[in-house]
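Colleague: Predicted structure and sequence below. I'll ask about it afterward.
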Amino acid sequence: MKPPTTHPAPDEILDRGYERVTSSLDGLASARFAYAKLRKDGEYYFTKFKISPDARAGALLNDVSWCQAIGAIDTTRPLNFRAPRIIENDGAGEWYVAQWIDGQVRVGPDSFGSSLDRYLETYVQALIDVDRVPAESVKAFFGGGQGSTATPPLTHRWSEWTPKPLREGQLQQSDVQRAAALVDQYGRFVESRFQHGDFVPWHFMTDTRGQLWLIDGEHASYAKPRYYDLAYIYSRIFCRMEDPGRAMRLIKLFMEWSTRSLYDLYPALLPVMVARAIGLQFDAINDYPEIDYRHRAQDFMARCLSEDPKQLLEL
């Protein structure tokens, strides 16, 4: 990975009495946002700010909303993770300052085997914790970002995701038609729920005291499809981390701990998985040749389109 480009923190942040400690943070590289460590009155802070006009509208507002919502939930019910406390932000989605977390990401996107095994149960518990949060209890925190409105239909970005995979043979038109039919057939089972939106192992951190943190809530919403986070981490472990076995173990643990049978869960999960499968074909093409999981993505698609619940649990 290329080292992150240095971007000075905006004057608006520095004018508030913060001193820049680092202009970039190791391991954090983005074409849309920059990150830095700050200091003020002897305390350290983290800042994230927009550097590209192409950055998704409302992303940082969603990130702020996620942190504030989790902070409020954490005072009323136990969670197995926390989100950073927001110190201040500009209110327009250009920047925010949050508490500094002295820790590290637990599992990276290129981790394999035992390193993922150690934390699989942690991810499942976090999924269940988030699933139990009533959407109405966090709605007030999503007042500005894209997460502030109900999620559009599951097919709403397919016109953006499908042309390139279709041109390059990663996706067939018959797959798109079959996927649309399944979403239409099972869509009535989908509920709106509070979700993180980018629920992957590399967005979990552990601090020096062992506390777990779930960061990067740019895609968070109080009204995403229920099980979106489950489908997302399943698909990422299955394809991006090339570990179908552990993806299947994750969903089995989720069913066991949430006391839901596969046939109870499947009608609501399938349309979300199908939509994720369409998006994955786009991701697989864009990530190639740096990372090649094109065949895994096609296998994932075939399993979703089979309409066979066991295909999500058995190799």
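Modeller: Yep, it's here.

Colleague: Could you use CA atoms for every contact and neighbour count after this?
Modeller: OK.

Colleague: Could I get the full set of strands for the stretch 51-200 of the chain?
Modeller: 86-89, 95-99, 103-105, 192-195 (DSSP state E, counting those that start in this stretch).

Colleague: Check the gap between residue 214 and residue 51 for me.
Modeller: The gap separating residue 214 from residue 51 is 23 Å, by CA to CA, to the nearest Å.

Colleague: Give me the more crowded residue out of those two.
Modeller: residue 214 (25 against 19; other CA atoms under 10 Å).

Colleague: hang on, the more buried one packs against residue 85?
Modeller: No: Residue 214 lies out of contact with residue 85 (CA atoms under 8 Å); the separation is 11.6 Å.

Colleague: before we move on, the earlier item: among the strands of the stretch 51-200 of the chain, which is the most enclosed?
Modeller: Most buried of these by mean neighbour count (mean count of other CA atoms under 10 Å) is strand 192-195; its value is a mean of 24.

Colleague: Given that one, what are its sheet partners and their directions?
Modeller: strand 221-225 (antiparallel) (DSSP bridges).

Colleague: Against which helices or strands is the helix or strand just after the partner strand packed?
Modeller: Heading C-terminal from strand 221-225, the first helix or strand you meet, by DSSP states H and E, is helix 228-235. Packing partners of helix 228-235 (3 or more CA pairs under 8 Å, 6 or more residues apart in numbering; DSSP states H and E): helix 244-257, helix 262-287.

Colleague: Dump those into JSON lines; add distance to residue 137 and mean pLDDT as well.
Modeller: Compiled in JSON lines, the helices and strands packed on helix 228-235 are given as follows (distance: least, CA to CA, whole Å; pLDDT from 0 to 100):
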{"stretch": "helix 244-257", "distance to residue 137": "23", "mean pLDDT": "96"}
{"stretch": "helix 262-287", "distance to residue 137": "22", "mean pLDDT": "96"}
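
Colleague: Just say which of those helices is most tucked in.
Modeller: helix 262-287 (a mean of 21).

Colleague: just for the stretch 51-200 of the chain, where's the confidence low?
Modeller: 111-113, 144-151 (pLDDT under 70).

Colleague: measure residue 256 to residue 118 for me?
Modeller: Applying CA to CA to residue 256 and residue 118 gives a distance of 18 Å.

Colleague: same thing with residue 260?
Modeller: Taking CA to CA, one finds residue 260 at 24 Å from residue 118.

Colleague: ok, now residue 8?
Modeller: 37 Å.

Colleague: Tell me which of these two has more neighbours.
Modeller: residue 8 (16 against 11).

Colleague: Which pLDDT value belongs to the more buried one?
Modeller: Per-residue confidence (pLDDT) for residue 8: 77.

Colleague: Please tell me how far it sits from residue 54.
Modeller: 19 Å.

Colleague: With residue 303 instead?
Modeller: Residue 303 is 34 Å from residue 54, by CA to CA.

Colleague: Give the closest residue to the spatially most central residue of the chain in space, chain neighbours not counted.
Modeller: Most central in the chain under CA atoms, centre = their mean is residue 198, positioned 0.6 Å from the mean C-alpha point. Using CA to CA, 6 or more residues apart in numbering and skipping the chain neighbours, the partner closest in space to residue 198 is residue 219 (6.2 Å).
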